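Trainee: Prediction below, plus the sequence it came from.
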Amino acid sequence: MKNRNSNSRPTHNVYVVEGEGDNAFWTKVGAAWQHADGEGLNLTLTALPLNGRLVVRPPKANEEQSQGKAGR
C-alpha cells in the first residue's frame, strides 16, 4: 500500500446519510483514498456521526473541480 501524502487528492468522499430516497439528507463528513492494490480504502473523518449510515462514493466531476480550486 502506498502512503498517502498531503498533495494526493482523495479518490472518494464520505457522507453520513439520514433518511431514505428523495427525503435523504447527505452530509459530507470525510474523504477516502483507495489502496494501490484496489482492495480497500483509508478513511479520514472530520465528524463522527451518531445517526444515519456512512456512504463512500467517488466524487462527481463538479466536486473534483471545486476541490482543486479550494486547495490552491
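Mentor: All right, it came through fine.

Trainee: drop to CA atoms for contacts and neighbour counts, all remaining ones
Mentor: Noted.

Trainee: Next, count neighbours for the closest residue to residue 24 other than its chain neighbours.
Mentor: In space, not counting the residues next to it along the chain, residue 24 is nearest to residue 18; the distance is 5.5 Å by CA to CA, 6 or more residues apart in numbering. Counted with other CA atoms under 10 Å, the burial measure for residue 18 works out to 15 neighbours.

Trainee: With residue 50 instead?
Mentor: Around residue 50 there are 7 other residues, counting by other CA under 10 Å.

Trainee: what secondary structure does it sit in?
Mentor: When states are read from DSSP: H, G, I helix; E, B strand; the rest coil, the local structure at residue 50 comes out as coil.

Trainee: Report the separation between the residue nearest to residue 24 and residue 60.
Mentor: 20 Å (CA to CA, to the nearest Å).

Trainee: cool, residue 8 as well?
Mentor: Residue 8 sits 17 Å away from residue 60, taking CA to CA as the criterion.
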